[in-house]
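Visitor: Sequence and computational prediction follow.
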Amino acid sequence: EWLKSCADEVMNFLNRDAWKKVPMSQLQREGRKPIPTKIIFKVKHEHDGSTRYKTRIVTKGFMQIPGVDYTESFSPVAMDSSVRTVIGTSLYFMGHEKEVTGVTDDTWTIEMFDVEAAFLNAKMENKMYIQIPEVMVLLGYVTEEERNQFAIELGMSMYGNVDAALLFFKRYKSILLKLGMKQCKADPCVFYRKNNKGILRLVLCCHVDDTIIGGFKKDINNFMNEFEKHLKIEQLGRMKKHLGVWWEWGKEENGDTFLTASMPKMVEEISEAFKRATGRKAKAANTPGFPGQMLKKKPDESHPMMLTEYRSLVGKLLYYTTKIGPEMANAVRDLSSHMSNPGVEHWKALERCVGYLTHLDKEMQGLIFRRPKKIQSISYADSDYAKCEETRKSISGMINTLGGMLTNWRSGKQDIVSLSSSEAEYIAFC
């Protein structure tokens, strides 16, 4: 299975003419050295529940030289709030096409697709050389002697390159603009298309190559057909899983569609990580944090308590909270303020947070997204004046909704010291 996977990965490069064999003498004349490569093996769990053996040949990008091998590297990805806004907009249209848009011969849906071997479809902007991967010798493409005498000049980008994501986004964006999509000003990874009457027909958001697209079924099919003329894609059908979040479809009594987001595998990972760190399961708790209490710094600045394990667990909780855990935002924010020197009290608070999450009923381990009442952004904010006893800074809390459907939430310590509760409230809204 792994050898077949390796062969498929090599063919991904050869079929796209991404590699060009050049003699090492050419590199010596240019004063260049080839970047080493490595192979990543991973068993992937697909949307349909099956498993797949995945091999990826990557470069050791940390050895690239800025200004020589690449210039810019930053690439945007869709914000979580944008993903939820696209979902909310789609739910608003679904089942109410005639009422909202006047369309009677088509239905609105949400689907997903991803680009096969995404980074291999982006042309290089700077000349770059890599060593011939060892697996090429194992598969019989080259001999060991040839591997030492030749290098590979990249025609297309590769996974591992510092600028790989940026180069792919430039290609991806140019294709979407050619297909008549317009880029959103608020989020560069959201694109949309309207008809001549100004009615929204398509909206999509991309996280590198994982794309959620909402629109009328006919428009989505036409878009997919046109897009495949430029890049090879895998159509994943109705939205099920996106960035670790599982989406389940349901129907209200009135016929409206709703979605339930859950992360069962992440909850299991958090539970197992806590058990490995402490040797026992977390005690059950009814709330994620201690009501009215805020953690303080550990008096002894030396000897942090299980620092690596603490940071790992809080990182997992932060990811879960960002995706589907608004009720945990304040508790996890408090935990993340003590990443450098956790003590006993911080571990007790962490256990409470883990215990709350892992002992929820399965029906409660998720966030329900119902149809917005209207396409209107409504925000709520509050503050806890001078809550931090060490800095006297206030704590802000904020949620955003799209016609009543939750799209964003945040809890954070304010940057400045407020002189009154009114000022703290004002800053919370800013």
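Guide: Thanks, I have it.
Visitor: got the buried residues for the helix or strand bottoming out on mean pLDDT in the chain?
Guide: Ranking every helix and strand in the chain by mean pLDDT, DSSP states H and E puts helix 97-101 at the bottom, with a mean of 78. By 16 or more other Cβ atoms under 10 Å, the buried positions in helix 97-101 come out as 97, 101. Every residue, glycine included, has its C-beta placed from N, CA and C.
Visitor: what packs against that helix?
Guide: helix 80-93 (3 or more Cβ pairs under 8 Å, 6 or more residues apart in numbering; DSSP states H and E).
Visitor: And the contacts of the helix it packs on?
Guide: For helix 80-93, contacts defined as Cβ atoms under 8 Å, 6 or more residues apart in numbering pick out 100-101, 108-110, 184, 186-187, 189-190, 200, 203-205, 207, 212, 214, 239, 242, 256-259, 322-323, 369-372, 374-375, 400, 402-403, 405-408.
Visitor: pLDDT below threshold where in the stretch 1-150 of the chain?
Guide: For the stretch 1-150 of the chain, the stretches with pLDDT under 70 are 47-49.
Visitor: In strands, which of the contacts of helix 80-93 fall?
Guide: Mapping the contacts of helix 80-93 onto strands (DSSP state E) picks out 108-110, 190, 200, 203-205, 207, 212, 214, 242, 257-259, 369, 400, 402, 405-408.
Visitor: what residues are up against residue 305?
Guide: 342-344, 346-347.
Visitor: quick one on the thing from earlier: the contacts of helix 80-93, buried ones only, as a PyMOL selection?
Guide: Selecting only the buried entries of these in PyMOL, with 16+ other Cβ under 10 Å as the criterion:
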select buried, resi 101+108+109+110+184+187+189+190+200+203+204+205+207+212+214+239+242+257+258+259+322+323+369+370+371+372+400+402+403+405+406+407+408
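Visitor: Tell me, how many residues neighbour residue 166?
Guide: Neighbour count of residue 166, defined by other Cβ atoms under 10 Å: 20.
Visitor: a helix runs through it, doesn't it?
Guide: Yes: using DSSP: H, G, I helix; E, B strand; the rest coil, the assignment for residue 166 is a helix.
Visitor: Verify the contact between it and residue 76 for me.
Guide: No: assessed by Cβ atoms under 8 Å, residue 166 is found out of contact with residue 76, at 9.0 Å.
Visitor: So which other helices or strands are in contact with the host helix or strand of residue 25?
Guide: Assigning secondary structure by DSSP states H and E places residue 25 in helix 24-30. In terms of contacts (3+ Cβ pairs under 8 Å, 6+ apart), helix 24-30 is packed against strand 150-154.
Visitor: now for the strand it packs on, which elements pack on it?
Guide: Based on contacts counted as 3+ Cβ pairs under 8 Å, 6+ apart, the elements that strand 150-154 packs against are strand 19-23, helix 24-30, strand 129-130.
Visitor: can you redo the ones you listed as JSON lines with mean neighbour count?
Guide: Shown next, in JSON lines, are those (neighbours: other Cβ atoms under 10 Å):
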{"stretch": "strand 19-23", "mean neighbour count": "14"}
{"stretch": "helix 24-30", "mean neighbour count": "12"}
{"stretch": "strand 129-130", "mean neighbour count": "20"}
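Visitor: got TSV for those, with distance to residue 122 too?
Guide: Formatted as TSV, the helices and strands packed on strand 150-154 follow (distance: least, Cβ to Cβ, whole Å):
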stretch	distance to residue 122
strand 19-23	14
helix 24-30	23
strand 129-130	15
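Visitor: Residue 381: which of these is closest?
Guide: Residue 381 lies closest, by Cβ to Cβ, to one member of the helices and strands packed on strand 150-154: strand 129-130, at 50.2 Å.
Visitor: next SSE after the closest one?
Guide: Criterion used, DSSP H and E; the element after strand 129-130 is helix 134-138.
Visitor: how about that next one: buried residues?
Guide: Neighbour counts over helix 134-138 (16+ other Cβ under 10 Å) mark 135-136 as buried.
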